[in-house]
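[1] Sequence first, predicted model second:
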Amino acid sequence: MKPIKPKREPYFIVPKQEAPGCPIERFDDQRNAVLVQQSKLYHRTNRVAARRIMRHGFKDSTNYYMTQRIDTGAWLSSVPPDFNQGATGDVLLQVDTDLRENELAQYEWITKTEKGYREWLVPSALINPRMKVSVVPHG
């Protein structure tokens, strides 16, 4: 008897893909919420991780990140990160969020040299319920 092979999902991401019942749409669904200006942040990753982020939200990563302390969170930046900034992956995600500047401030990754952009290491528990993720075409 031949073993049954599971069907493989196509290996692509549909821009602005939304999974039914996914909590990452939550901030849009608040009917009585006060209108807050949305921030556009960016995250570069590979196709497999991008699909997972769009369906389930970010997953915290933990590392030393060239310091002597362990930090945890999901990397987001104010501009689309490229390979010169240490970002890897062939998919660029745009993260629209209603997080205010003061909520993001404690997670900003500040270096001694001016980079020309800002980046944050935000806990997934904070960003996931307050974001909408889309793929940037040709990112």
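    Now that the structure is in, tell me what you want to look at.
[2] Let's see the distance spanning stretch 48-62 from one end to the other.
    Start and end residues of stretch 48-62 are separated by 19 Å (Cα to Cα, to the nearest Å).
[3] In that stretch, which of the residues would be classed as buried?
    49-51, 53-54, 57-58 (16 or more other Cβ atoms under 10 Å). (Glycine included, C-beta is placed from N, CA and C.)
[4] Same check on stretch 116-124?
    Neighbour-count burial for stretch 116-124 flags 119-122, 124 (criterion: 16+ other Cβ under 10 Å).
[5] Quick check: end-to-end length of it?
    Using Cα to Cα, first and last residues of stretch 116-124 are 25 Å apart.
[6] could I get the buried residues of stretch 48-62 as a markdown table with distance to Asp98 and pLDDT?
    Below are the buried residues of stretch 48-62 laid out as a markdown table (distance: Cβ to Cβ, whole Å; pLDDT from 0 to 100):
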| residue | distance to Asp98 | pLDDT |
| --- | --- | --- |
| Ala49 | 24 | 95 |
| Ala50 | 22 | 96 |
| Arg51 | 24 | 95 |
| Ile53 | 18 | 96 |
| Met54 | 18 | 95 |
| Gly57 | 15 | 96 |
| Phe58 | 16 | 97 |
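[7] so which of the residues you listed comes closest to Glu101?
    Nearest to Glu101, judged by Cβ to Cβ, of the buried residues of stretch 48-62 is Phe58 at 19.7 Å.
[8] what's the single longest helix in the chain?
    helix 47-56 (DSSP state H).
[9] what's next to the helix or strand following it, contact-wise?
    Using DSSP states H and E, the helix or strand that follows helix 47-56 in sequence is strand 61-63. Defining contact as Cβ atoms under 8 Å, 6 or more residues apart in numbering, one finds that strand 61-63 is touched by 70-75.
[10] Of the buried residues of stretch 116-124, which pair is most distant in space?
    Pairwise distances across those peak at 15.8 Å for Glu119 and Ser124 (criterion: Cβ to Cβ).
[11] What segments of this structure are strands?
    39-45, 61-63, 71-77, 91-97, 119-122, 131-135 (DSSP state E).
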